[in-house]
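Colleague: 3D model of this:
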Amino acid sequence: MRFSPNDMHNLELAVEKCFDKFSIDELAIISMGFFKSKVPVRNFNTISRIIDKILENPSAVHEVSLAALLKVIRLSRKIPIDDKIYDLLEKLQCEVSRLSIMCNVHIALLSCSTLTLHEGCLLKIAEVVLKNITNARIKDFERLVLTFGTFNLLPQTPDNFIEKVIDELRKPYREQEILTHGRSFACCIAHLGLSGYYPLDLIEKTLNKPFLEQTYGKYCLSYGREILSLNNFVKIFHKNANIDLSDKESLTLAKRYTDYLPDENYAKQYNVTEKLYMDIKRVIESDRGANYVVGHHIVTHHQRGDLIICDDVNNRPVAVQDVFSNIKFGTLCSAPNDNNIWIALIVVGRNGMLYKDNKPSGHFLSKIRELNALGFKAAPVCWTYYSECKTHEEKLKYINTVIKEAKSIR
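Modeller: You can find the predicted model right below:
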């Protein structure tokens, strides 16, 4: 286990003070110290100067140094505050062809972690990987599939990138790597769901008990969220398959990987997204009534629950307060088959929106796909638009627009 040195703050101050004296390779060595210690660089100005240093002459930066610098940038900048990440991706797309797959994966991860989409750069990365796909690691596939799924992007390559990855994972010579890096394999298969791919044979291999025991251990408490995701994919998209976890295991994982639903009657220091959830619920209650909206975890592999409302065929609200009260927590819930229109409103916070694109990330789009498959009419209520509504009337108007769009889904 790595421990953070006690004097990392002083080291950061020293780096900031002597920054101009360091070469790009020396900065890379320092960056690895921060990354391996899991200590982000707190000063945004220092990270900006590192980016500027790369931008000065990107073709002269060795790929090992570049990978180290990208790691600390990714660790230290979770939310883009300016266009520097996009500018960096713009420059680096010209370097993709000379870089190794490993380094290109770190470029993609920087794009993914900051939700900064640069299609040209990601397309070139996909092309380079496809040309040398046999030398790519499962860990590389995992991270690239996550990146393209996060942006809901299918690269316009001659061969379908996602399908080529799936075919590669089925190759017999990958078996030993799968056994050695089982968790990366499981995560990769789960990330395929972001792009709408649910290969049953690979899911079956992952949910196989000997594989789970070798990869995670005997007890389900050690299973990652990816296992619960794959289990739910089977129940939603492969209903006739018989390869899911036991109900007890599903319940245990659901309890571990879901948050409590925000409640105004429960005193807690809520974050911005949770406050957004409560505000949206409050606006709906003021219009429909408290019995006509309820929060619930429909798809249990997602961290946050959703707001559920219902209209009859004449567009009149139907009470929903007690509909899910008898359903055991951790159970996937299909919409009641009663000829009513069941609507699931997904609250998308600021960190769920693509940078400067005003679109939800692939995690929310995949959730919409799953809810629709369970019989709901799902639509996102996005922070970007909701935060622009200054009055109660404007908020209600926006929510009703989202509800109308949800009901139009066929």
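
Colleague: return the residues in contact with residue 382.
Modeller: The neighbourhood of residue 382, defined by Cβ atoms under 8 Å, 6 or more residues apart in numbering, consists of 348, 353, 358, 360. For the C-beta atoms, the positions are set from N, CA and C on the backbone; glycine is no exception.

Colleague: I meant to write residue 220 there.
Modeller: Contacts here follow Cβ under 8 Å, 6+ apart; on that basis residue 220 touches 245, 248, 249, 252, 253.

Colleague: buried ones among the residues you listed?
Modeller: The neighbour count (16 or more other Cβ atoms under 10 Å) marks 245, 249, 252, 253 as buried among the contacts of residue 220.

Colleague: okay, among these, which ones form the most distant pair?
Modeller: 245 and 252 (9.2 Å; Cβ to Cβ).

Colleague: so which of the buried ones among the contacts of residue 220 belong to helices?
Modeller: 249, 252, 253 (DSSP state H).

Colleague: between those residues, which is nearest residue 140?
Modeller: Distances from residue 140 to these, taken by Cβ to Cβ, are shortest for residue 253, at 26.9 Å.

Colleague: which residues touch that closest one?
Modeller: Residue 253 sits next to 220, 223, 225, 227, 228, 231, 245, 300, 301, 330 when contact means Cβ under 8 Å, 6+ apart.

Colleague: and which of the residues you listed is nearest to residue 52?
Modeller: Using Cβ to Cβ, residue 225 comes nearest to residue 52 of the contacts of residue 253, at 36.9 Å.

Colleague: which ones are touching that closest one?
Modeller: Residue 225 neighbours (Cβ under 8 Å, 6+ apart): 190, 253, 257, 301.

Colleague: that one and residue 137, how far apart?
Modeller: 22 Å (Cβ to Cβ, to the nearest Å).

Colleague: same question, residue 292
Modeller: Going from residue 292 to residue 137 by Cβ to Cβ gives 51 Å.

Colleague: and the two? Which one has more around it.
Modeller: residue 292 (18 against 15; other Cβ atoms under 10 Å).

Colleague: which non-adjacent residue is nearest the more buried one?
Modeller: Nearest residue to residue 292 in three dimensions, chain neighbours excluded: residue 317, at 4.6 Å (Cβ to Cβ, 6 or more residues apart in numbering).

Colleague: that neighbour is in contact with residue 290, isn't it?
Modeller: No. Between residue 317 and residue 290 there is no contact under Cβ atoms under 8 Å: 11.6 Å.

Colleague: residue 14: helix or strand, and which one exactly?
Modeller: helix 8-17 (DSSP states H and E).

Colleague: hmm, I typed the wrong one, I wanted residue 26.
Modeller: Counting by DSSP H and E, residue 26 is part of helix 24-36.

Colleague: show me what that helix is packed up against.
Modeller: With contacts defined as 3 or more Cβ pairs under 8 Å, 6 or more residues apart in numbering; DSSP states H and E, helix 24-36 has these neighbours: helix 8-17, helix 44-56, helix 63-76.

Colleague: so which of those helices is nearest residue 368?
Modeller: helix 63-76 (27.4 Å).

Colleague: downstream of that closest one, the next helix or strand is which one?
Modeller: helix 84-92.

Colleague: could you pull out the buried residues of the very next helix or strand once past that next one?
Modeller: Sequence-wise, the next helix or strand downstream of helix 84-92 (DSSP H and E) is helix 101-113. For helix 101-113, burial by neighbour count (16+ other Cβ under 10 Å) applies to 101, 103, 104, 105, 106, 107, 108, 109, 110, 111, 112, 113.

Colleague: residues contacting the helix holding residue 26, please?
Modeller: Contacts for helix 24-36 (Cβ under 8 Å, 6+ apart): 2, 8, 11-12, 15, 22, 40-41, 50, 53-54, 60-62, 64-66, 68-69, 71-72, 75-76.

Colleague: I'd like the average pLDDT over that helix.
Modeller: For helix 24-36, mean pLDDT is 92.

Colleague: what does stretch 271-284 give?
Modeller: Mean per-residue pLDDT for stretch 271-284: 95.

Colleague: how about it as PDB, C-alpha atoms only?
Modeller: Output of stretch 271-284 as PDB, limited to C-alpha atoms (Å, rounded to 0.1, in the frame of the first residue of the first chain):
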ATOM      1  CA  ASN A 271     -24.200  17.900  -1.900                       C
ATOM      2  CA  VAL A 272     -25.200  20.000  -4.900                       C
ATOM      3  CA  THR A 273     -26.700  17.100  -6.900                       C
ATOM      4  CA  GLU A 274     -28.700  15.900  -3.800                       C
ATOM      5  CA  LYS A 275     -30.000  19.400  -3.300                       C
ATOM      6  CA  LEU A 276     -31.000  19.500  -7.000                       C
ATOM      7  CA  TYR A 277     -32.900  16.300  -6.500                       C
ATOM      8  CA  MET A 278     -34.800  17.600  -3.500                       C
ATOM      9  CA  ASP A 279     -35.600  20.900  -5.300                       C
ATOM     10  CA  ILE A 280     -37.000  19.100  -8.400                       C
ATOM     11  CA  LYS A 281     -39.100  16.900  -6.200                       C
ATOM     12  CA  ARG A 282     -40.400  19.900  -4.300                       C
ATOM     13  CA  VAL A 283     -41.400  21.700  -7.500                       C
ATOM     14  CA  ILE A 284     -43.200  18.600  -8.700                       C
END
